[in-house]
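*Asks:* Using only what follows, build the 3D model:
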Amino acid sequence: MPRGAHDPHDTSRISPTAHYTGAVWLRNGLSHPALGTREGALLYRASDRLIRAVAQLTRGPTLEQMLLARHRIIDQLLVDAIERDGVAQVVEIAGGLSARGLRFVRRYPGLRYVEGDLPGMVKRKRAALERIGEPLAGHTVATLNALEDDGPRSLAAVAGPLLDKARPTAIITEGLLNYFSREQVLAMLARFARFLAGFPGGVYLADLHLDAETLRHLGARMFVPVLQWIARGKIHLHFTDDAEAAAAIAAQGFDQVTLHRPKDWASRVAAPKPRGPDVVRILEARVGAR
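*Replies:* Prediction:
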């Protein structure tokens, strides 16, 4: 588990993956310079040649390509949820140095956006937003721990008082689930489903890596140790295939579960053309009315 990003006992440090993904978002016009870090730029440069070599050897996508496809598909699913389904408030957990909250409150005035993270990241994110100098109503960054069922840092305690119970709501986690065990992930999913059930329609957006897809393809197998090196922690693969994943997620309290393949979104999102296997799925899990 990367220290500082996902370990509930170490909240002072920011994980290398947060710095790395922050660099990717910034390089591709999805962020603001205030959210970039020196650590992220250095880590990107240090790992880029190795990552590209693995992708070329295996004829698969680069890590950057996978991250961009994932990020932009989640963006588009959130746009659809807002414009089609009336989602008016969002809780993004462990968003790190992503500028999604900033981008969406600029795009949708009146949208309520709560970012929940561990204290080290919250401090840095707040400082970055202050440097940007654009205070936006409805955009909150607060300390939150997705592993806690109750207590002052739990989802219910932190986000609950900030949201309107009469408005459809979305929860987002990106790049989070694979750092936890299956038991922790199932408990987290059940926690999210219970929380969303308190609103007149809710959707959870996330990403998953499936065991069968990862083990079937050489490139995906080779990327696992690369990711673990960047993250300085173990990567967990929780489900064998789409059917097992959908059934397990639905069993935690979701009424409708869809697992999107990035290649199916190639014509809808501005991401590098997909190459090689789809080793990631984008999860769209719904509770209540649509």
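
*Asks:* now Arg286, what's its secondary structure?
*Replies:* strand (DSSP: H, G, I helix; E, B strand; the rest coil).

*Asks:* Quick one: residues contacting it.
*Replies:* Applying Cβ atoms under 8 Å, 6 or more residues apart in numbering, we find Arg286 in contact with 201-204, 254-257. Using the backbone N, CA and C atoms, a C-beta is placed for each residue, glycine as well.

*Asks:* All the strands of the stretch 1-150 of the chain, in order from the start?
*Replies:* 89-93, 112-117, 139-143 (DSSP state E, counting those that start in this stretch).

*Asks:* Let's have those strands in TSV, adding mean pLDDT and mean neighbour count.
*Replies:* Listed next are the strands of the stretch 1-150 of the chain as TSV, based on pLDDT from 0 to 100; neighbours: other Cβ atoms under 10 Å:
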stretch	mean pLDDT	mean neighbour count
strand 89-93	98	25
strand 112-117	97	24
strand 139-143	96	18
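
*Asks:* which one of those strands lies closest to Leu50?
*Replies:* Closest of these to Leu50 is strand 112-117, at 28.3 Å (criterion: Cβ to Cβ).

*Asks:* quick check, distance from that closest one to the centre of its chain.
*Replies:* Strand 112-117 sits 12 Å away from the centroid of its parent chain (Cα atoms, centre = their mean, to the nearest Å).

*Asks:* for it, packing partners?
*Replies:* Applying 3 or more Cβ pairs under 8 Å, 6 or more residues apart in numbering; DSSP states H and E, one finds that strand 112-117 contacts strand 89-93, helix 100-107, strand 139-143, helix 155-159.

*Asks:* Distance to Asp80 added to the strands of the stretch 1-150 of the chain, as CSV?
*Replies:* Shown next, in CSV, are those (distance: least, Cβ to Cβ, whole Å):
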stretch, distance to Asp80
strand 89-93, 13
strand 112-117, 17
strand 139-143, 21
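
*Asks:* Longest helix in the protein, please.
*Replies:* helix 63-85 (DSSP state H).

*Asks:* Spell out, range by range, the strands that occur in the stretch 151-290 of the chain.
*Replies:* Listed in chain order, the strands of the stretch 151-290 of the chain (DSSP E, counting those that start in this stretch) span 169-173, 202-209, 256-260, 280-287.

*Asks:* Buried subset of the contacts of Arg286 as a PyMOL selection?
*Replies:* Buried residues within the contacts of Arg286, by 16 or more other Cβ atoms under 10 Å, are selected in PyMOL with:
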select buried, resi 201+202+203+204+254+257
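
*Asks:* For the contacts of Arg286, please prepare JSON lines with the additional fields pLDDT and distance to Arg52.
*Replies:* Output for those, formatted as JSON lines (pLDDT from 0 to 100; distance: Cβ to Cβ, whole Å):
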{"residue": "Gly201", "pLDDT": "94", "distance to Arg52": "42"}
{"residue": "Gly202", "pLDDT": "97", "distance to Arg52": "39"}
{"residue": "Val203", "pLDDT": "99", "distance to Arg52": "35"}
{"residue": "Tyr204", "pLDDT": "99", "distance to Arg52": "33"}
{"residue": "Phe254", "pLDDT": "98", "distance to Arg52": "37"}
{"residue": "Asp255", "pLDDT": "97", "distance to Arg52": "42"}
{"residue": "Gln256", "pLDDT": "97", "distance to Arg52": "38"}
{"residue": "Val257", "pLDDT": "98", "distance to Arg52": "34"}
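
*Asks:* which one of the contacts of Arg286 is nearest Val269?
*Replies:* Nearest to Val269 among those, counting by Cβ to Cβ, is Val203 at 17.6 Å.

*Asks:* got the contact list for that closest one?
*Replies:* When contacts are counted by Cβ under 8 Å, 6+ apart, Val203 touches 77, 81, 85, 87, 168, 170-171, 196, 284-287.

*Asks:* Between these, which sits nearest Ala250?
*Replies:* Among those, and counting by Cβ to Cβ, the member closest to Ala250 is Ala285, at 7.9 Å.

*Asks:* and that closest one, what pLDDT?
*Replies:* pLDDT recorded at Ala285 is 98.

*Asks:* pLDDT on stretch 34-52, on average?
*Replies:* 86.

*Asks:* So which bits of that stretch are buried?
*Replies:* Buried, per 16+ other Cβ under 10 Å, within stretch 34-52: 34-37, 40-41, 43-44, 47, 51.

*Asks:* For the stretch 101-250 of the chain, just list every one of the helices.
*Replies:* Here the stretch 101-250 of the chain has its helices, by DSSP state H, counting those that start in this stretch, at 119-132, 155-159, 182-196, 211-216, 218-231, 242-250.
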